[in-house]
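J.: based on what follows, work out the 3D shape:
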Amino acid sequence: MLRKLIIGALFAVAVQGPVHAATQGKQQSEDMTNEGLQLMSAGQMKAAYDKFAQAAKADPVSSYPLGAMATLYLFLATNPSVSAQDRESARDAAAAAAKQALALNVQDSLAQEVLRRLDGGAERPIYQPKNNAGELVAQGEALFGKKDYTGALVYYQQATVADPLYADAWVFAGDCHYSLRQWAQAETYFRKAAEIDPLHMQALRFLSDALKEQQKWPELELALAGAIGANPDQQSSWQRMAQFQEHHGVPMTKLDLKIKARGGTGADGKPKIDIQPRAKDAPPAPQDDTFWFGLAMAQAAGALRQAQPGATVSAFEAELAAWTQAMKMLDEMEAKGPLQLQDKAVLAMRKLAADGQLAPALLLLQFKPAYRPDLEAWKTAHPQGVRQFVNTAHVMP
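T.: Residues are numbered from 1 along each chain as shown. Predicted coordinates for the structure are as follows:
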């Protein structure tokens, strides 16, 4: 497990806690990228950009510099001191850099987080450590950056004593044990972090890595299901689950649902429908067009209901109602003749709906931050729901 050194302001932009990846490329490229992240946290954006560019040139097959570059652009895209036009350009650049990084390494967590944030994912509030736990972690980080894992562990353990609810400190200590190949001890610390903060992305993912190293397969499956349930929009958790399923002879299929139309309300409060133009070389698909337009109309109607004074319909409930109505429309179309839908993802969603899995499919495969209350309620009502969905649907976003 090789952790990228992300400090200071970058915590609020990219990820919180330590980050590790399967590959980081040549050491020179990794070191330059880490230097760039430190420059970025110090507000030296131009110098950081130059470091990332040099790192990418030093190792063209490493995703790390591109993921870091995407993070820099994301910072600019969300900075109110930047002009609106430049923020929009930065959003486009962030998306492009993140996609390039993922093309090199689908598990690049920086790139995944950038795309999640661009898609509307919320930034989690940063925990403020008590007593001197923050200072102890900073001292540990300095040693961890020098690969002195044993020395860093001492400070992280002291931080857990100074503030037992500081989940990051437990994760950092576990990361030291992991780096020292002490899998069982790493597992213990990651579990504790996940108990303190059940939505801690790194704690849950790192726990699965520690379990995998010990070949604790049943516990690994539960941990992966927990990671997906905590943050369904984190692709790395789905990818780990797919690897687990593949290892046990049950491959998963990517849904890859491309939204062709979406309905809502405009700034004037009136219904608004956005339709993605079809590619010029795309074959005609009238039934697909009918489905997406019908879904968008239902979404717009749901948005109007939500906007009514005293409305109690949640964002997820409105979306579920819209998809249910669109699926009913497909049934009515099929009653008049054979369906000729070309969108395989829509067909997959229809099968899930027929199996009574439309609600979990939307919660897990099309998760949005606004769905959080409904997701937590569903998990409470179905404690093994995520695991059961994965093992029956065999599909990922």
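J.: residues near A138, how many?
T.: 13 (other CB atoms under 10 Å). Quick note: C-beta positions are derived from backbone N, CA and C, even for glycine.
J.: okay, it and Y156: tell me how far apart.
T.: 11 Å (CB to CB, to the nearest Å).
J.: same question for D148.
T.: From D148 over to Y156 (counting by CB to CB), the distance is 12 Å.
J.: which parts of the stretch 51-200 of the chain are helices?
T.: 64-77, 84-104, 109-118, 133-145, 149-162, 167-179, 183-196 (DSSP state H, counting those that start in this stretch).
J.: pop out the phi and psi values for T265.
T.: For T265, the backbone dihedrals are phi -120, psi 150 (criterion: degrees, to the nearest 10).
J.: correct me, but it touches A301?
T.: No - with contact defined as CB atoms under 8 Å, T265 does not count as touching A301 (10.0 Å).
J.: identify the contacts common to the two.
T.: Jointly contacting T265 and A301 under the rule CB atoms under 8 Å, 6 or more residues apart in numbering are P271.
J.: how about P383, what does it touch?
T.: No contacts exist for P383 under CB under 8 Å, 6+ apart.
J.: separation between it and L222?
T.: For P383, the distance to L222 - CB to CB - is 11 Å.
J.: what do you get for T78?
T.: Taken as CB to CB, the span from T78 to L222 is 35 Å.
J.: assumed G264 was part of a strand.
T.: Yes - applying DSSP: H, G, I helix; E, B strand; the rest coil, one finds G264 inside a strand.
J.: now it. Nearest residue, chain neighbours left out?
T.: Excluding its sequence neighbours, the residue lying closest to G264 (CB to CB, 6 or more residues apart in numbering) is A303, at 4.6 Å.
J.: what does K212 give?
T.: Per CB to CB, 6+ apart, closest to K212 is L220, 5.6 Å.
J.: ramachandran angles for the residue nearest the centre of the chain?
T.: Of all residues in the chain, the one closest to the mean position by CA atoms, centre = their mean is Q234, 2.4 Å from it. Per-residue torsions, Q234: phi -90, psi 110 (degrees, to the nearest 10).
J.: what segments of this structure are strands?
T.: Assigned by DSSP state E, the chain shows strands spanning 2-4, 19-21, 253-254, 261-265, 271-275, 395-396.
J.: okay, D148 and Y156: which has more neighbours?
T.: Y156 (29 against 14).
J.: on that earlier part again, ok, the residue nearest to K212 to G310 distance?
T.: Distance from L220 to G310, by CB to CB: 46 Å.
J.: so for the two, which sits in the more crowded spot?
T.: In terms of neighbours (other CB under 10 Å), L220 is the more surrounded of L220 and G310; the figures are 22 against 4.
J.: looking at it, the residue nearest to G264 is touching G263, isn't it?
T.: Yes - assessed by CB under 8 Å, A303 is found in contact with G263 at 6.8 Å.
J.: where does the stretch 101-250 of the chain dip in pLDDT?
T.: For the stretch 101-250 of the chain, applying pLDDT under 70 flags the ranges 106-107, 119-125.
J.: can you do 80?
T.: Applying pLDDT under 80 to the stretch 101-250 of the chain flags residues 106-109, 112-113, 115-126, 145.
J.: related to what we said a few turns ago, could I get the helices of the stretch 51-200 of the chain in CSV, plus columns for distance to D288?
T.: Below are the helices of the stretch 51-200 of the chain laid out as CSV (distance: least, CB to CB, whole Å):
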stretch, distance to D288
helix 64-77, 32
helix 84-104, 25
helix 109-118, 25
helix 133-145, 51
helix 149-162, 53
helix 167-179, 45
helix 183-196, 42
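J.: what's the burial count for A96?
T.: Neighbour tally, A96, other CB under 10 Å: 14.
J.: how close does it sit to M69?
T.: The value you get for A96 to M69, if CB to CB is used, is 10 Å.
J.: try P373
T.: 35 Å.
J.: likewise for Q340?
T.: 43 Å.
J.: so for these two, which residue has more residues nearby?
T.: Between Q340 and M69, M69 has the larger neighbour count (other CB under 10 Å), namely 29 against 10.
J.: would you enumerate the residues in contact with the more buried one?
T.: M69 neighbours (CB under 8 Å, 6+ apart): 49, 52-53, 56, 97, 101.
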